Each structure stands twice: as structure tokens, then as C-alpha cells.
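Participant: Okay, here's the prediction I keep looking at, along with the sequence it came from:
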Amino acid sequence: MQQDVKNLDITAAFPALDGGWLSVLGEELDQHKRFHEGCSFNLALGDTGGGL
């Protein structure tokens, strides 16, 4: 579930969404893609987000 995904610094990775299921699903997919693109970019730069 989107609400259970956390950043490496234990903050919520995604904001809470509301609306119809189709618009929420579309936004969740977009957020999921951006989250993984950001993680891949940070790992490529050697940034693990702090204490790790």
C-alpha cells in the first residue's frame, strides 16, 4: 500500500490522496514511478539518505 511506503529518513514517501478510485490509482502509479526514479538516482550518486 502507498501509505505504508517510507523514505529512508522514515518520513512518508507519498501524500494522502482522495477522490475517485481511478484518479487515485493514476496518481499512485505516477508517485510510485517518481519514487523509484529518485531512489535509483540517489543510489547512483552514492547517497543513501543519511545513516545507512
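Facilitator: Received it, and whenever you're ready, just let me know what you need.

Participant: which residues in the protein form helices?
Facilitator: Assigned by DSSP state H, the chain shows helices spanning 21-44.

Participant: Run through it and note the low-pLDDT ranges.
Facilitator: Scanning the chain for pLDDT under 70 picks out 1-3, 39-52.

Participant: Touching, D18 and V24? I think so.
Facilitator: Yes - under the criterion of CB atoms under 8 Å, D18 makes contact with V24 at 7.3 Å. (Glycine included, C-beta is placed from N, CA and C.)

Participant: Have a look at these two and say which one is more surrounded.
Facilitator: V24 (14 against 6; other CB atoms under 10 Å).

Participant: If you drop the residues flanking it in sequence, what lies closest to that one?
Facilitator: Nearest residue to V24, sequence neighbours excluded (CB to CB, 6 or more residues apart in numbering): L17, at 4.8 Å.

Participant: give me the number of residues near that neighbour?
Facilitator: L17: 14 neighbours (other CB under 10 Å).

Participant: got a list of what the residue nearest to F35 when sequence neighbours are not counted touches?
Facilitator: In space, and not counting its chain neighbours, F35 is closest to A13: 5.5 Å by CB to CB, 6+ apart. Counting by CB atoms under 8 Å, 6 or more residues apart in numbering, A13 touches 2, 5-7, 31, 35.

Participant: Most neighbours among these, please name it.
Facilitator: Among the contacts of A13, the one with the most neighbours (other CB under 10 Å) is Q2, at 18 neighbours.
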